[in-house]
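# predicted coordinates and the sequence they were generated for:
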Amino acid sequence: MKICFLGGGNMAAALIGGMLAKGYVAGDIAVVELQEEARARLRERFGVRTHASLDAEALACDILVLAVKPQQMRDALTPVAGMLTHQVVVSIAAGLRLGDMARWLGGYSRLVRCMPNTPALIGAGVTGLFADASVSEAERRAVGQVMASVGEIVWIDTEAQMDAVTAVSGSGPAYVFHFIEALEAAGVSQGFDADTARKLAIGTVLGAARLAADSDEGPAVLRERVTSKGGTTAAALAVMAEGDLLGLVGRAVDAAEARGKELGDALGAD
Ligand SMILES: NC(=O)C1=CN([C@@H]2O[C@H](COP(=O)(O)OP(=O)(O)OC[C@H]3O[C@@H](n4cnc5c(N)ncnc54)[C@H](O)[C@@H]3O)[C@@H](O)[C@H]2O)C=CC1
Ligand SMILES: O=C(O)[C@@H]1CCC=N1
């Protein structure tokens, strides 16, 4: 299975790093990247083959992963129209719809839209996937296998739900990092040095996420177990409820989902 990435930025690096750690070999992975510096970094870091443009050698792949920014996609795909023969084209771009990509590719519709996230780098990603009806079962399995090598995969029933996947798990690591920043800052204002505060904050988020993943009981039960009546946790959670943390996260996810749709509308209108 030969895989070529179009765009070698943050997310391509996260996926490639995760895939190599899971046994994919560098010789089967190529990256097309415009920036010379980025190409050199990718070769040095991962030992993968790099190309300055999507030439015939780069196109000799089974799966072409589109990993450029949504706003860069049209320019990136236009020269490819008419060059694709058998490749399954997998877009990881937020918002961008399959119909618009197929149009830019001159009607080529062997397309999968997916939304990974950056913990893929350590094999702990979550990826939502949706395939065009023309993608065969075997092709879906092959794409699923690549994404499963860097974490969990979830196939989605309708393409419209991809914006919700993006809002929950694609952008989600940033919400968790932001919470870690907040917990760390709170630790510092309690008088800890920055290293100690960070250790306490990251250790807590990591341990709680692992416990939640290992438990059948769900996060609400685990939360209640930490919360003694009249104790310290109850005092903190009351402040979070007063600030409507649940509503705030809901509104944040709604905003991300709406932005995905807006991006899709704007890009498709082009
Ligand atoms: N960063 C994240 O957490 C996630 C990002 N995504 C999606 O992944 C895609 C890439 O995002 P990032 O990696 O963060 O962006 P990035 O800006 O780090 O990487 C994009 C790379 O593509 C290169 N590029 C642009 N046009 C090109 C072309 N025509 N040919 C070859 N290379 C080209 C750029 O030089 C750059 O290195 C986006 O569409 C984004 O929506 C999806 C899931 C998570
Ligand atoms: O912020 C973004 O648009 C991309 C998509 C999901 C994560 N990063």
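On my side now, so go ahead. Ligands and ions are numbered 1, 2, ... in the order given.

# and Val150, its phi and psi?
Per-residue torsions, Val150: phi -120, psi 20 (degrees, to the nearest 10).

# that one - how many residues pack around it?
When neighbours are counted by other C-beta atoms under 10 Å, Val150 registers 28. C-beta here means a position set from N, CA and C on the backbone, and glycine is covered the same way.

# disregarding residues adjacent in the polypeptide, which is nearest to it?
Closest residue to Val150 apart from its sequence neighbours, by C-beta to C-beta, 6 or more residues apart in numbering: Gly18 at 3.3 Å.

# how far away is that neighbour from Tyr24?
9 Å (C-beta to C-beta, to the nearest Å).

# next, show the common contact partners of the two.
Shared contacts of Gly18 and Tyr24, defined by C-beta atoms under 8 Å, 6 or more residues apart in numbering, are found at Ser149.

# give me the more crowded residue out of these two.
It is Gly18, of Gly18 and Tyr24, that has more neighbours when counted by other C-beta under 10 Å, with 24 against 19.

# any idea of the pLDDT on the more buried one?
In this model, Gly18 is scored at 90, pLDDT.

# what's the first helix or strand after the helix or strand harbouring the residue nearest to Val150?
Taking DSSP states H and E as the criterion, Gly18 maps to helix 10-21. Using DSSP H and E, the helix or strand that follows helix 10-21 in sequence is strand 29-32.

# buried ones in that following strand?
By neighbour count on 16 or more other C-beta atoms under 10 Å, the buried set for strand 29-32 is 29-32.

# of those, closest to ligand 1?
Proximity of the buried residues of strand 29-32 to ligand 1 was ranked by C-beta to the nearest ligand atom; the top entry is Val32 with 4.8 Å.

# in the sheet, who's paired with that closest one?
Listed beta-bridge partners, Val32: Leu6, His51 (assigned using DSSP bridges).
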